[in-house]
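1. build me a structure from this.
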Amino acid sequence: MAFNMFEAISNSNNRKLENNNKNIKNKKTEIKNISVYDLVPSEDNFYSVEDIEDLKSSIEMFGIKQNLLVRENEDNKYTIIAGHRRRLAVLKLLEENKENEKFEMMPCMVEKITGIRAKILLITTNSTARELTDFEKMKQAVEMRKLLEELRAEEDIKGKTRDLVAKMLNTSAGQIARLENISKKLMPNFKNEFEKENINVSTAYELSRLEEAEQRSLFEEYQGKGSLSIKDVTEKSKEKKSEISVSTTYKIEEDENEVEETEEIENVIDFPSTTIEDEIEERKVSKTIFEILKDMKIRKFAEFVCSQCNVTGTFCDYAMECNDKNGKGSVDICIKWLKMEAQEME
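-> Numbers count the residues shown, from 1 in each chain. From the prediction side, this is the model:
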């Protein structure tokens with residue numbers, strides 16, 4: 001079994017990685033029989049080791065037909081890279097019958113590899129060893145991304161990480177993206193059902209696209225019915241889109257009403273301006289004035305109006321009367337005008 005990881009991730013112009021690949025391939029791989037009691041499960045193994053009855057029966061009838069893949073530890077034990085289920089099956093055979101002692105020594109291929117590369121090798125070998133569940137495929141996709149990102153810190157690896165993961169696991173980048181989304185966004189309760197294969201990968205992906213509150217609602221429905229189809233999920237998704245559409249419509253109507261109200265105010269209050277910027281600023285000021293000055297005494301309000309007029313006749317036709325020798329308007333004339341306007345309004 002050649003360790004071919006670098007072929008999948010090396011760039012044709014990346015001489016460093018090509019040299020590393022050649023060095024790995026040229027190393028002699030040792031094959032030896034190792035006691036099952038000297039084999040240690042890898043802490044990095046996340047693949048299922050359940051349902052080994054069929055495998056146990058096969059080994060009992062035909063023996064071990066495929067070498068385990070291991071690496072040697074400093075304590076003369078061997079950590080398993082590929083073969084965790086075979087180890088458990090043999091242990092079960094030995095536990096059941098002493099006559100099965102012939103299975104104790106297991107054929108192993110000893111790889112001289114450590115660190116990140118050993119972890120990547122664990123995934124690449126297990127990914128093709130048997131038919132994986134979709135949950136296992138999700139786990140290995142997430143773990144492979146993590147390992148390749150760590151490897152980037154050590155090696156000059158080019159290419160998009162998701163594309164590299166897809167190539168390493170012999171699938172598409174789109175499928176990797178869906179599995180990553182399930183891992184990140186599917187709520188724990190549904191993820192547990194996904195692991196048990198009670199919901200399929202398509203349903204899990206559609207669920208992961210919903211908000212957590214919507215997932216909770218569907219989980220309650222799922223608990224009541226005992227099942228959940230992708231149709232149930234897509235209908236919930238349509239409801240969400242419909243609510244967003246209605247909300248957007250209300251928002252547009254509110255905005256239109258605000259525009260109409262603004263136009264009405266502009267028709268009543270029309271301060272002079274010379275530029276668009278000045279007009280915008282004046283409108284801001286006038287709004288503040290009506291909020292702050294609505295309860296002012298008439299003289300205070302007249303002082304404000306007079307200060308805005310500057311004897312230009314903006315507010316009334318008394319410019320000639322209030323124009324004194326200094327060119328300043330008279331507050332008394334402004335008061336006279338305000339009282340007259342108030343009488344006309346009544």
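2. which stretches in the stretch 101-250 of the chain count as strands?
-> Counting by DSSP state E, counting those that start in this stretch, the segments of the stretch 101-250 of the chain that form strands are 105-110.
3. show me where it dips below the pLDDT cut-off.
-> 237, 239-250 (pLDDT under 70).
4. 80 - rerun?
-> Scanning the stretch 101-250 of the chain for pLDDT under 80 picks out 114, 129, 229, 236-250.
5. the helices in the stretch 51-200 of the chain, which residues?
-> 53-62, 84-96, 115-126, 134-152, 161-168, 173-185, 188-195 (DSSP state H, counting those that start in this stretch).
6. domain ranges for this structure?
-> According to automatic domain parsing, the chain comprises the domains 5-222, 270-345.
7. of these, flag the one that's most buried.
-> domain 5-222 (a mean of 16; mean count of other Cβ atoms under 10 Å). Yep, even glycine has a C-beta here, placed from its N, CA and C like the rest.
8. isn't I113 right up against R71?
-> Yes. Look at I113 against R71 with Cβ atoms under 8 Å: they come within range, at 6.1 Å.
9. any shared contact partners between those two?
-> By Cβ atoms under 8 Å, 6 or more residues apart in numbering, I113 and R71 have no common neighbours.
10. mind listing what V110 touches?
-> Per Cβ under 8 Å, 6+ apart, neighbours of V110: T29, E30, I31, K32, V70, R71, E72, Y78.
11. go with 6 Å
-> E30, V70, E72 (Cβ atoms under 6 Å, 6 or more residues apart in numbering).
12. please report how far the last one lies from Y78.
-> I take that to be E72. 6 Å (Cβ to Cβ, to the nearest Å).
13. what of the first one?
-> The spacing between E30 and Y78, counted by Cβ to Cβ, is 11 Å.
14. equivalent analysis for Q140, please.
-> Distance from Q140 to Y78, by Cβ to Cβ: 22 Å.
15. ditto for I116
-> Separation of I116 from Y78 (Cβ to Cβ) stands at 19 Å.
16. next: K65.
-> 20 Å.
17. kindly report the same for C334.
-> Per Cβ to Cβ, C334 is found 100 Å from Y78.
18. Y205 too?
-> On the measure of Cβ to Cβ, Y205 and Y78 end up 39 Å apart.
19. then L68?
-> With the distance defined as Cβ to Cβ, L68 ends up 9 Å from Y78.
20. please apply the same query to T125.
-> 15 Å.
21. now render the contacts of V110 as TSV, adding distance to E154 and pLDDT.
-> Output for the contacts of V110, formatted as TSV (distance: Cβ to Cβ, whole Å; pLDDT from 0 to 100):
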residue	distance to E154	pLDDT
E30	26	85
V70	23	93
E72	22	90
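22. redo the residues you listed as a markdown table? Include distance to R299.
-> As requested, these are exported to a markdown table (distance: Cβ to Cβ, whole Å):
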| residue | distance to R299 |
| --- | --- |
| E30 | 105 |
| V70 | 98 |
| E72 | 99 |
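23. closest one of those residues to R130?
-> V70 (18.2 Å; Cβ to Cβ).
24. quick one: contacts for that closest one?
-> Shown in contact with V70 (Cβ under 6 Å, 6+ apart): Y78, I80, C108, V110.
25. also M296?
-> Neighbour list for M296: empty [criterion: Cβ under 6 Å, 6+ apart].
26. which SSE is I34 in?
-> strand 30-35 (DSSP states H and E).
27. what's the answer for F301, then?
-> Short version: F301 belongs to helix 298-309, going by DSSP H and E.
28. mind giving me the packing neighbours of that helix?
-> helix 331-345 (3 or more Cβ pairs under 6 Å, 6 or more residues apart in numbering; DSSP states H and E).
29. what separation do you get for the nearest residue to R87 once chain neighbours are set aside and N76?
-> For R87, ignoring the flanking residues on the chain, the nearest one in space by Cβ to Cβ, 6 or more residues apart in numbering is L39 at 5.2 Å. Between L39 and N76 the computed distance is 12 Å (Cβ to Cβ).
30. show the pLDDT at V49.
-> With respect to pLDDT, V49 scores 85.
31. pretty sure it contacts R85?
-> Yes. At 5.4 Å, V49 counts as touching R85 under the criterion of Cβ atoms under 6 Å.
32. relative to K297, which of the helices of the stretch 51-200 of the chain is closest?
-> Of all those, helix 173-185 sits nearest to K297, with 62.2 Å by Cβ to Cβ.
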